[in-house]
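1. Compute the structure for the input listed below.
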Amino acid sequence: MIWVEIRVRQEKGMASLEVEGELDFSNVELLQREIQRLPEEVVEVDLQGLQFIDSSGVGMLLSQARIFYKQGRTLRIVRIPSHIQEDLEVIGFFRVLEVLETKPNA
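-> Here you go, the predicted structure:
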């Protein structure tokens, strides 16, 4: 298993998960479980310490964002390292998130 560390901070109505290391198919379920167990209205996933993410990590984040959207909650992906952000832009990651942030009938 590739190394990943997840730190959780919870405040009133909001939680933050700081992800450090590498996120891939071997450990993506760890982050998914942490996201799913949080009851807060807003959950931020801070990727500042992330060195690598593969397609399973990207897919899981989009899947969780969709689930949150359907629940009327917000999943934010923040502080993305530039080398990862460039790859996410190429595959259209942020366009999907923008659609999920748009409220129906808005």
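
2. chain center to stretch 61-70, what's the gap?
-> Computed by Cα atoms, centre = their mean, to the nearest Å, the separation of stretch 61-70 from the middle of its chain amounts to 9 Å.

3. What mean pLDDT does it get?
-> Averaged over stretch 61-70, pLDDT sits at 96.

4. For it, which outside residues touch it?
-> 32, 35-36, 43, 45, 74-75, 77, 93, 96-97, 100-101 (Cβ atoms under 8 Å, 6 or more residues apart in numbering). (C-beta placed from N, C-alpha, C; glycine too.)

5. before we move on, what about stretch 17-33?
-> 1-9, 34-35, 38, 43-54, 56-57, 60, 64.

6. Can you list the buried residues in that stretch?
-> Within stretch 17-33, the residues scored as buried using 16 or more other Cβ atoms under 10 Å are 17-20, 22-24, 27-28, 31-32.

7. Any chance of JSON lines for the contacts of stretch 61-70, columns secondary structure?
-> Shown next, in JSON lines, are those (DSSP: H, G, I helix; E, B strand; the rest coil):
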{"residue": "Gln32", "secondary structure": "helix"}
{"residue": "Ile35", "secondary structure": "helix"}
{"residue": "Gln36", "secondary structure": "helix"}
{"residue": "Val43", "secondary structure": "strand"}
{"residue": "Val45", "secondary structure": "strand"}
{"residue": "Thr74", "secondary structure": "strand"}
{"residue": "Leu75", "secondary structure": "strand"}
{"residue": "Ile77", "secondary structure": "strand"}
{"residue": "Phe93", "secondary structure": "helix"}
{"residue": "Val96", "secondary structure": "helix"}
{"residue": "Leu97", "secondary structure": "helix"}
{"residue": "Leu100", "secondary structure": "helix"}
{"residue": "Glu101", "secondary structure": "helix"}
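
8. And these, which of them are buried?
-> Buried members of the contacts of stretch 61-70, scored by 16+ other Cβ under 10 Å, are 32, 35, 43, 45, 74-75, 77, 93, 96-97, 100.

9. Now which of the contacts of stretch 17-33 would you call buried?
-> Looking at those with 16+ other Cβ under 10 Å, the buried ones turn out to be 4, 6, 34-35, 38, 43-47, 50, 53, 56-57, 60, 64.
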